[in-house]
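Engineer: Sequence first, then the predicted structure, then my questions.
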Protein chains: 2
Amino acid sequence: MTKDTAPQLHLDNQLCFPVYTLSRLITQAYQPLLKALGLTYPQYLVMLVLWEADEKGELPVQVRFITEKLLLDTGTVTPLLKRMEEAGLLQRRRSSVDERVVEIYLSEQGRSLRSQAETVPFELLCRTGVDPKRGIAMRDEMLAMIRVLQQS
Amino acid sequence: MTKDTAPQLHLDNQLCFPVYTLSRLITQAYQPLLKALGLTYPQYLVMLVLWEADEKGELPVQVRFITEKLLLDTGTVTPLLKRMEEAGLLQRRRSSVDERVVEIYLSEQGRSLRSQAETVPFELLCRTGVDPKRGIAMRDEMLAMIRVLQQS
DNA sequence: GGTGGATATATTGTGCACAATATAGTTGTT
DNA sequence: AACAACTATATTGTGCACAATATATCCACC
């Protein structure tokens, strides 16, 4: 009489666990590169949003713009932006048109960081040993899952 | 004269961001199911490890066993196990053979939670709308990337 | 049998995530 | 004009993650 088993509860059979682990390991792989720029990984994501908005002439952006791009809520983003303001990467200013809104401006320091960041994605690609084609296929599958999960 | 662009820094071209987001959204999808069991997502992962060890008659396990399975360090796992002990899910006891080692035992409450958890993976599969075959393919690709990242 | 190095776990401090709630401002309706 | 409903951001509290460091124990070798 052996114990009954529940293979669907075995760690190796989970889909969630590799996603969770891969996310952590990727963040760890970025860490030394981002440390040289004085950024954490979530701060790097905010900078990606701001640099891209800058290219398109969309600055300043609202806090809401960032929360929607990154799918994070204000409870995460507000303190994140405060720390980044203290670090001199950006400015936060209440809109005079609508006092509810806080507008985010890129500082010169924040803007100039972009040129240093330009090599980061390629270096990461090398470290992870991802074949670019399969990486794109994986990315698209994940984006599809994200769309499904966002509805609930 | 337009601003120069750096497409490799655009959010939509990142591989890391979908992994990061998918991981968060999956955790959020688990949350209502796990809340009914009184577990957080990392606590659920610890329980998966313990239930599986229990099946194999490997209990008690060392803290190290859990950190290695989950690829987390003691700075994360020790307080996690303490909270789980307070919640009555497990016991922590110093080994008398080797006083450095802390042995983790499953409590009866923790063991009996397994039957309630057995339906969780299937429910998640439904919510994420994953085709099982493609899910397995994705999982294996992620595990391959994890192996590469673990070496550095 | 003492001591240097290795091992196992714990602690401290910082920065996310996120649920829940609060605050303040705006808009639409009557 | 008053006020209810809505919107944008902020705050509070809890629980991870993780780097860095500390503590305690064990083991090998002399």
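Structural biologist: Structure's in. What do you need?

Engineer: Where does pLDDT dip in chain A?
Structural biologist: Along chain A, the parts satisfying pLDDT under 70 run over A:1-3.

Engineer: Tell me the spacing between the nearest residue to A:Leu48 once chain neighbours are set aside and DNA strand C.
Structural biologist: The shortest distance from A:Leu48 to any non-neighbouring residue, by Cβ to Cβ, 6 or more residues apart in numbering or on different chains, is to B:Leu11 (5.1 Å). The way it works is simple: take the backbone N, C-alpha and C, and place the C-beta from them, glycine included. In this view, B:Leu11 and DNA strand C are 14 Å apart by Cβ to the nearest atom of the strand, to the nearest Å.

Engineer: same question, A:Leu50
Structural biologist: A:Leu50 is 15 Å from DNA strand C, by Cβ to the nearest atom of the strand.

Engineer: Check A:Arg114 too.
Structural biologist: Between A:Arg114 and DNA strand C the distance is 18 Å, computed by Cβ to the nearest atom of the strand.

Engineer: what does A:Gln91 give?
Structural biologist: From A:Gln91 to DNA strand C the distance is 17 Å (Cβ to the nearest atom of the strand).

Engineer: Partner strands of the strand or helix carrying that residue, with direction?
Structural biologist: Assigned by DSSP states H and E, A:Gln91 falls within strand A:90-94. Strand A:90-94 has these partner strands in its sheet, going by DSSP bridges: strand A:102-106 (antiparallel).

Engineer: Other residues contacting the strand it pairs with?
Structural biologist: A:50-51, A:54, A:59-63, A:65-66, A:81, A:89-95 (Cβ atoms under 8 Å, 6 or more residues apart in numbering or on different chains).

Engineer: Are that strand and DNA strand D in contact anywhere?
Structural biologist: Yes - for strand A:102-106, a contact with DNA strand D is found by Cβ under 7 Å from any atom of the strand, at A:Val102.

Engineer: Can you confirm whether that strand lies near DNA strand C?
Structural biologist: No - in terms of Cβ under 7 Å from any atom of the strand, no part of strand A:102-106 sits within range of DNA strand C; the closest distance is 10.9 Å.

Engineer: right, and the helix or strand after that strand?
Structural biologist: helix A:108-117.

Engineer: who does that following helix touch, helix- and strand-wise?
Structural biologist: Using 3 or more Cβ pairs under 8 Å, 6 or more residues apart in numbering or on different chains; DSSP states H and E, the elements in contact with helix A:108-117 are helix A:41-55.

Engineer: I am finished for the moment; much appreciated.
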